[in-house]
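> Structure of the sequence below:
(chains A, B and C)
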Amino acid sequence: MDVSKKKILNGYHVVFLVQNIMVGMGLLSMNNSLSPLGYSQWWVPILFGVIANLTIIPMIWLNLQYKDDDLFDIHEKLLGKWMGKSLNFILLLYAIILFSAVIDSYLELIQISILPERSINGHLIFFILITVFIVKGGIKSLARFCILTFFLTGWMAYFLRWGMESGEIRHLLPLFNFTGKEFLEATKSGYNSIVGYELIMFFFPYIRKPEKAFKHSSIGIWLTVFFYLMVGIVGVMYFTEWQLEHILFPVLKLFQAVDLSFVERIDKIGITLWVFLILTTAGAYLWVAKKGLDSLRNKNSQYHIYAVAILTYVVINLPISQIIRKTFYERTFYFSYGFILWPILLCLVHLVRRRKMR
Amino acid sequence: MTVSRFIIAISILLVLSGCTTKQGLQPSLENLGLISVAGFDYIDNDNMRMTVIMPQPALEAEKHTQVITVNTDMLHKGLVDISSRADKTVSLKQLRVVLFSEEFARQGQMKEMVEYLFKDADVRSSVFVAIVKESAEEMLRMEYPDKQNTSSYINNLFQQRQYTFFSPFTTIHEFVYDETDPIRDTIAPYVELKDEVIHIEGLAMFSNGKMETTFSKHEGKIIQILRGREKLSVFALTLDDEGNEKVALEFVKSKAKVKTENINSPKVILNLKFEGTLSEYEGDKDLANKKDIKNLEKEVSKKIEKEIRNLLEKCKELEIEPIGMFETLRMRYKGDWTTDLTKELLEKAEFEINVETNLTSIGALK
Amino acid sequence: MKIWKRARQVVEKSKEKPSPPSHQKEPAPVSLDSLKKDLTDIDDAVFKEYQTKDGLVTVIYLSSLIEPVLLHKIIILPLVNDKGEVMNSFDAIDGWNKQKLLMAIVNGDTVIFNHKKQQYLLAHTFSPPERSITSSENEATVLGPQDSFTESLKANLSLIKRRVHQTGLKSKDYTIGQETNTKISIMYIEHLVNDENLKRIKERIQQLDFTGYVDIVILKQLLEDNPYSPFPQYGATSRPDAAVNSLLDGRIVVAMENSQTVMICPSSFLEMFNSPEDYYNRWTTATLLRILRFAGFFITIMLTPTYISALSYHPGILPFELLIMTMESRSRVPFPPVIEVLFIELIIEVLKEAGSRMPSKVGQTIGIVGGIVIGTAAVQAGIVSNTLIVLVAVSALLSFLMPSYLMSNASRFVRYIFILAAGLFGLLGQMLALAWLLNHLLNLTSLGTPYMTPVIPRSWSDMFDSVIRFPLTYVQKRTGMSRAKREKKPTK
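Okay, here's the model as predicted:
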């Protein structure tokens, strides 16, 4: 079986894994979270792409030093057993919280716009179940699912045509009409739409050609940036600044502009098809959580997936008010910014240790 | 294990899908009162009169449209009231057209209402907005015996057609867009009930969320051209003041370029190009003669130029900017552009209009 | 899957055959009487004695498996007109092995016992009534060869071997089945087939322990990687040209006595939508048809569920005219859409089932009753809406587009999952069900190879012969699915 083999991910698997983990709820609200920049926001995805590409270098370099280890093992090797284990525990919590954050925010959107009469519980169970099914096949099953997801959802970019036609291309200028403060604000809230590529540190040991991983993950990142850029441009063309600021999910409004003779409200189809993108993202975090539990308990067991899934179900159903939950998730997303920079520190630790060894 | 899991999944599916339909949580299509057109009339600053029509598909029913009117101060409260009078669950999922009475629009409540609809997840953003001259309720209560039902009649009326390009057919997205765009002001079609038929009479012009005035159909045409509409079906002009020389162009392609220079003493340069077939001509020029055609082209250009200038001067006077002339200035402007800035520029603006007309063929005329 | 294997092993152990008594201990060949005793109550077992030059001989056979003319010609006449050499023309058979002797008789061979020499001889006389080779009914094509496999293994082998003239084409025989002792033949081209695949299929067949095989479809289900899946994981065909095509691609073809289809393994999801006629048609037509079949699969599982979603959850997605029309047709229906759809879908299933089991004349009547009486009357009575009748009819038609009958059954089964999911969560339910379906398909394997090739690419050249069939010059390479030893098909 595939699970038992160690090196199982081909180049294209890496490309689509990176790409699909990145795209999730973030894209739906990207125009909105970048709205402090006004019309000048459309090129920001490129900047984010550059940042992502730069921050992935230390990650891959670190992983290349420990070819058969994921981040959990690296922590234990670099920082000692206790330190490493406790850090891994935090990482595990992080993965579980992000897993539930991704699901929760998507299902909330579903509840608002598609199934207002329904409680979240029913589809939550099915959603988690399907994520578990996907992850049960291991990282390769997830990667395959990512490939299909890309082709199933990528064509939706065509729906941007209508927005583009009725939009105003002159909105794209001026390029730098914002202050530094606005820029920081937008980056803070907008960068989480591109977060997700850091998970390469966990599936790196499964990659068949580690030396080419950088190239492949970069392709994945820029594929994402390409889609983000398209949405960014069309969003800026189609909306005014006020609309960008006040519409929570601009992509859905862009889908509403689609004018087809046989079906209307493409946004409904769009949101439901989005479930694939959410499944890949959520699946990746579930997989990481499973790996974390594996390394904490020094035992490789499929039951860890079920444990994490049940835990998540409980977390989402905890009687905490929506606002507290939201802020909590938001904080976790800020934590992920730190997590992206964390490998740089680890690289330094690694260098120091190596010098000492000599 | 797989089998047992499979059986469990299937049975859950069966039980759940069966349950929901029985409990009737989710009313299916025939139990929904799908509002297709809603109308708002003005009572006072807090209250409004809301009229909705719902298509009634039952073949046996005598009337195919259900009309309900309520007085309310909020949209959703109104919907609840309507639900209590209808035999079905009322929903906005199929809303197609929203009508506002002129008074309602002039009082400035319309902007709020449209924004509210725009944010509602059930309402599509392509719902048409129109201003009714007198009462929206009357228009919806009116019976149109030669039409299948009022809903489809009104819905079809606002679909883009070949000869109604003068009307903007504003959707709620476009309304909110124009309203929140500091560069330009909002326009919406203006309709009137005449002889038991709905006429599209012209354009309603908005400024700061309030309806200010109306423009005629012909002015509407020019505004559409200046807003960048490229294909016009028919364009008719009277060349001299007495009305002796008339021209009608068909299949007109227009190209309008609006450039603005210098923010301190703004000069708006409008370059327009027309290309079309001459379909009707009344006058004493010889159309076989090339020179005469050249002359005719020049005269047409001149006439259009004059009309555009008149319109722009009128806008300047009314302090309404429906076109968005200063977009090119905004492209180079640092900082936040405000509505006041637009108004200020409009006041100072000078216009340079260049029109070029090209008659590609004179059609079947000789 | 592991559990399946484990279960199989347990069954195997518990049923282990007692080892046959070794013949060495017996002093003499099996006596005629003991044979007679084993064949009592088989009334067509014949023991006939003839006096020949070599002394008395007894001829033993089952008359139902042997044509009398043949028996007369090759055994009785030579024996009676014996010229002294006749006994040498028969094969010798181990006289101590009673089991073997009985097997030979049961297989339709004739056993001759020479009383003087106490010696058993064997003549191959198996000649059961056979039907002649006819054109394929289930996989009929306009173009291409019209012959199809019959129930005789020998005939089937000849149909294949007459198309491939080389020694590389191997056919290895096995006898399987505790009770039926059915003969199967594994065919492959030695220098093309992937050894791992071949090893796997042989191992699996040897591990099997099943009572009886009436048709190859049973063997197929037992050999599959995931027996719980609704999808068939090996190809099946009754057309020799399709079988040869797979052989040339490096696949393994398994044929069985008494079954008129052969099994092709490994086989992919996309190949279930391919018909051998695709290669006889021009590539444009073939592509068009393949797209139609492939899209047909997804439309047939999505069409009626979408009706449910649109009517019960998202009336907003209907354009205005369609809405009015649907509302009109729904206005008298007293059931919620899910029940309505399930009702009419089940009626279609019933009609299909009734029509296919009845003799053809009655079948026509059922078609009329179903189509006209139930369809029209149900709509007029207001039990179902006429929009739905159209949709259900279309999706039923689409489900028969697939050349593989098992695949079309699978699509009909999967549709019910989608219907229930749509009744549960509308479009979201449909998409979740689609996610489940795709994930299930992605994780399926056929003889260890991913079922979803070329979506999971084994080799990029597979793309030339997937949903779009490129001109044949592009389809030279063997598919990645079969992992053939030689990738390129020889051009000359």
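> Get me the contact residues on the stretch 251-400 of chain C for chain B.
Within the stretch 251-400 of chain C, the residues that sit near chain B (C-beta under 8 Å from any C-beta of the partner chain) are C:310-316, C:318, C:320-321, C:323-324, C:326-328, C:330-333, C:336-339. Where you see a C-beta, it was placed from the backbone N, CA and C, and this is true even at glycine.
> and the next element down the chain from the longest helix along chain B?
Secondary structure of chain B read by DSSP state H shows that its longest helix is helix B:290-318. Scanning forward in sequence from helix B:290-318 by DSSP states H and E, the next helix or strand is helix B:327-330.
> Which other helices and strands does that following helix contact?
strand B:246-261 (3 or more C-beta pairs under 8 Å, 6 or more residues apart in numbering or on different chains; DSSP states H and E).
> ok now the strand it packs on, how far from the chain's centre?
Centre-to-centre, strand B:246-261 and its host chain are 20 Å apart (C-alpha atoms, centre = their mean, to the nearest Å).
> strand partners of that strand, parallel vs antiparallel please.
With DSSP bridges as the test, strand B:246-261 is paired with strand B:231-238 (antiparallel), strand B:267-282 (antiparallel).
> Can you get me a residue count around C:Thr285?
13 (other C-beta atoms under 10 Å in any protein chain shown).
> how far away is it from C:Arg239?
19 Å (C-beta to C-beta, to the nearest Å).
> Might one say that C:Ser148 is in contact with C:Arg131?
No: applying C-beta atoms under 8 Å as the test, C:Ser148 and C:Arg131 come out as separate, 11.0 Å apart.
> Show residues contacting stretch C:446-462.
Contacting residues not belonging to stretch C:446-462 are listed as A:12, A:144, A:147-148, C:196-197, C:200-201, C:224-225, C:231, C:233-234, C:265-270, C:441-442, C:444-445, C:463, C:466, C:477, C:479-481, C:483, C:487 [C-beta atoms under 8 Å, 6 or more residues apart in numbering or on different chains].
> how far does that stretch stretch from start to finish?
The first residue of stretch C:446-462 is 16 Å away from its last residue (C-alpha to C-alpha, to the nearest Å).
> average pLDDT across it?
Looking at stretch C:446-462 alone, the average pLDDT works out to 80.
> Repeat that for stretch A:21-30.
The average pLDDT within stretch A:21-30 is 89.
> Now do the buried residues in that stretch.
Neighbour counts over stretch A:21-30 (16 or more other C-beta atoms under 10 Å in any protein chain shown) mark A:Ile21, A:Met22, A:Val23, A:Gly24, A:Met25, A:Gly26, A:Leu27, A:Leu28, A:Ser29, A:Met30 as buried.
> cool, and stretch A:183-194?
Buried residues in stretch A:183-194 (16+ other C-beta under 10 Å): A:Phe183, A:Glu185, A:Ala186, A:Thr187, A:Ser189, A:Gly190, A:Tyr191, A:Asn192, A:Ser193, A:Ile194.
> Could you report the neighbour count for residue 206?
Let's take chain A. Around A:Tyr206 there are 21 residues (other C-beta under 10 Å).
> Not quite, go with chain B.
Around B:Phe206 there are 26 residues (other C-beta under 10 Å).
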